[in-house]
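Asker: next comes the sequence, and after it the predicted model I'd like to discuss.
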Amino acid sequence: MDAATSSHIAVTLYFQAQTSIVFGTAHPVDSTLFALDWNIQPEAEDSASWIVSISYSTPERSNPDPLLQDLEYNGEFSNEEELMEEDAQGTPCLNSAGDPFSEPLTRDDPRPTFTISRNEASPPEALQANYSRVTNSDTYRGLPPGTVRVAISWQSQRHEFYGVYYRVNYSFTVNPQGWDARVLDQGFNYIDDNDEKQQILINNAPASEPVLLDGAGGILADDAEPEYLDFRRYPRLPFSSVFNF
């Protein structure tokens, strides 16, 4: 390395240490301009003083601000398996005597999934935590309450001019039947007229298979339709005001 090159490097390092201005630093007044060109020259021949000139300009369109990039959309299906409490016509899945099958029927349950990806200035850590186990409390993109869940993932990226940003993926999974549980009311005990739990006996012996119940703790009448109990699996939070991109 010759003396001139060595001097240029020394002056550059000294200038950067004193001013905190490096290649790509934003202009102190106009944040759309960046330090993209340097010119370092001695003030005079054999002078110990140097002149540092910095040219600020806007990056070329080949390197746009990542936070201004368009959203990216992707859609697919995830295949699950679900228990059949009712068939496609709403008929309870029971045998000819009105009892549940010992081996429950199942069916494929393809669920639409769509992902919206965008760049953000900071990672959505709190949003990721708060929405990890909830469904929508409002109608979201035309989908009824209780039918949509979201999984949020992100990864840090670095732009040569704009610095660190985050690529965030919002993956929404839709269950058209809703995420709440619907269970056939059945068991081995019933509630008697004194509001006490009693074991169900058949021919003076404890029932060996679950017996249908009437939705209020009693044994279902022979000519009555089976009853189902609904349970909310997840809390619900607003989606439309939060994921409004």
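Answerer: Received, thanks. Numbering: from 1, shown residues only.

Asker: correct me, but V150 touches R133?
Answerer: No - shown here, V150 and R133 do not form a contact pair, counting by Cβ atoms under 8 Å, at 10.3 Å. From N, CA and C alone the C-beta is placed, and that goes for glycine too.

Asker: neighbour-wise, which of these two wins?
Answerer: Higher neighbour count among V150 and R133: V150, with 22 against 10, using other Cβ atoms under 10 Å.

Asker: bridged to the more buried one, which residues?
Answerer: Judged by DSSP bridges, the bridge partners of V150 are F172.

Asker: next, the contact list for it, please.
Answerer: Taking Cβ atoms under 8 Å, 6 or more residues apart in numbering, we find V150 in contact with 131, 170-173, 239, 243.

Asker: pull out the buried residues from the longest strand along the chain.
Answerer: Counting residues, the longest strand found in the chain (DSSP state E) is strand 106-120. Of the residues in strand 106-120, 111, 113, 115-119 count as buried by neighbour count, 16 or more other Cβ atoms under 10 Å.

Asker: now do the helices in the chain.
Answerer: 3-19, 125-130 (DSSP state H).

Asker: end to end on stretch 237-245, go ahead and measure it.
Answerer: 17 Å (Cα to Cα, to the nearest Å).

Asker: in it, what's buried?
Answerer: Buried positions in stretch 237-245, judged by neighbour count with 16+ other Cβ under 10 Å: 239, 242-243.

Asker: okay, those residues in TSV with distance to D222 and pLDDT next?
Answerer: Formatted as TSV, the buried residues of stretch 237-245 follow (distance: Cβ to Cβ, whole Å; pLDDT from 0 to 100):
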residue	distance to D222	pLDDT
F239	45	98
V242	50	97
F243	50	97
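
Asker: now do the same contact list for the residue nearest to the spatial centre of the chain.
Answerer: Closest to where the C-alpha atoms of the chain average out (Cα atoms, centre = their mean) is A151, at 2.1 Å. For A151, the contacting residues are 132, 170-171, 173, by Cβ under 8 Å, 6+ apart.

Asker: please redo it, this time with the cut-off set to 10 Å
Answerer: 113, 115, 128, 131-132, 169-173 (Cβ atoms under 10 Å, 6 or more residues apart in numbering).

Asker: low-confidence stretches in the chain?
Answerer: Across the chain, the ranges flagged by pLDDT under 70 are 1-6, 46-47, 59-63.

Asker: tell me how many other residues crowd F172.
Answerer: Neighbour tally, F172, other Cβ under 10 Å: 20.

Asker: can you pull the contacts of it?
Answerer: Listed by Cβ under 10 Å, 6+ apart, the contact set of F172 reads 75, 112-116, 136, 140-141, 143, 148-151, 239, 243.

Asker: which of the residues you listed lies closest to Q198?
Answerer: Nearest to Q198 among those is R149, at 39.9 Å by Cβ to Cβ.

Asker: wait, F231 sits on D180?
Answerer: Yes - F231 is within contact range of D180, at 6.3 Å (criterion: Cβ atoms under 10 Å).

Asker: between these two, tell me which one has more neighbours.
Answerer: Set side by side, F231 and D180 show more neighbours around D180, with 15 against 8, by other Cβ under 10 Å.

Asker: just give the closest residue to that one, not the sequence neighbours.
Answerer: Closest residue to D180 apart from its sequence neighbours, by Cβ to Cβ, 6 or more residues apart in numbering: R232 at 5.1 Å.
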